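> what shape does this take:
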Amino acid sequence: MEDQKIVQRNLELQRQWYGEPLGDRVRRLVVAFDVSQANLADVLGISAPMLSQVMSGRRAKIGNPSVLARLIMLERKVLTPEVASGRREALQKALEDVRDSKPTVSRDMLPVDPGRADRAALAVLRRAASVDELTEAARLLDGRFPAIAEVLRRAGALT
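Residues are numbered from 1 along each chain as shown. Coordinates of the predicted model:
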């Protein structure tokens, strides 16, 4: 029973530190990149047993800041049109890019501005489609999905 309390405490700490349990974040990456947990561990620069312990809550944190930085890099790559397409070669290139990276963690890497994620999402849309395409898509969706249409209009307004 004591182990279960430790796991629950660690999962709660992960929610506080990382926004959600790391197991959830890692599982999404395993699915998005269609790789094994061991392969993902290799890309992140962490041993497979250590990743398993973090995912299950037997460990609370990722101790190496570069591993956390690579995890974040992969999460951001999922949002790019190339990776989102699901093409095997694009997925493999993204994994290789992250594996080969030598990230450093600085205060500039961690967002302080809550609107930063929104702007990043709009920028991804802007890279995926032209202003005319975004405007036309917004027009088509306006009647049934006005909130989505507004996001597309905002993306089209970026310069």
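> burial measure for the nearest residue to Asn39 once chain neighbours are set aside, as a count.
Nearest residue to Asn39 in three dimensions, chain neighbours excluded: Leu95, at 7.9 Å (Cβ to Cβ, 6 or more residues apart in numbering). All C-beta atoms are positioned from the backbone trio N, CA, C, and that covers glycine. By the criterion of other Cβ atoms under 10 Å, Leu95 has 21 neighbours.
> remind me what the helix or strand where Leu95 lies packs against, helices and strands.
Using DSSP states H and E, Leu95 falls within helix 88-100. Contact here means 3 or more Cβ pairs under 8 Å, 6 or more residues apart in numbering; DSSP states H and E; on that basis helix 88-100 packs against helix 22-33, helix 37-44, helix 65-78, helix 81-84.
> list the buried ones in the longest one?
Put plainly, it is helix 65-78. For helix 65-78, burial by neighbour count (16 or more other Cβ atoms under 10 Å) applies to 66-74, 77.
> any residues touching it, and which ones?
By Cβ atoms under 8 Å, 6 or more residues apart in numbering, the residues outside helix 65-78 that reach it are 25-26, 28-29, 32-33, 43-46, 62, 83-84, 94-95, 97-99, 101-105, 109, 120.
> what about it, average pLDDT?
For helix 65-78, mean pLDDT rounds to 93.
> can you start the count at 342 instead of 1 from here on
Okay, residue one is now 342; in that scheme the one you just asked about reads as helix 406-419.
> hang on, the earlier thing: now, among the buried residues of helix 406-419, which is nearest to Ser393?
Val408 (13.8 Å; Cβ to Cβ).
> who touches the helix ranked longest in the chain?
Counting residues, the longest helix found in the chain (DSSP state H) is helix 343-359. Helix 343-359 has contacts (Cβ under 8 Å, 6+ apart) with 361-363, 366, 397-402.
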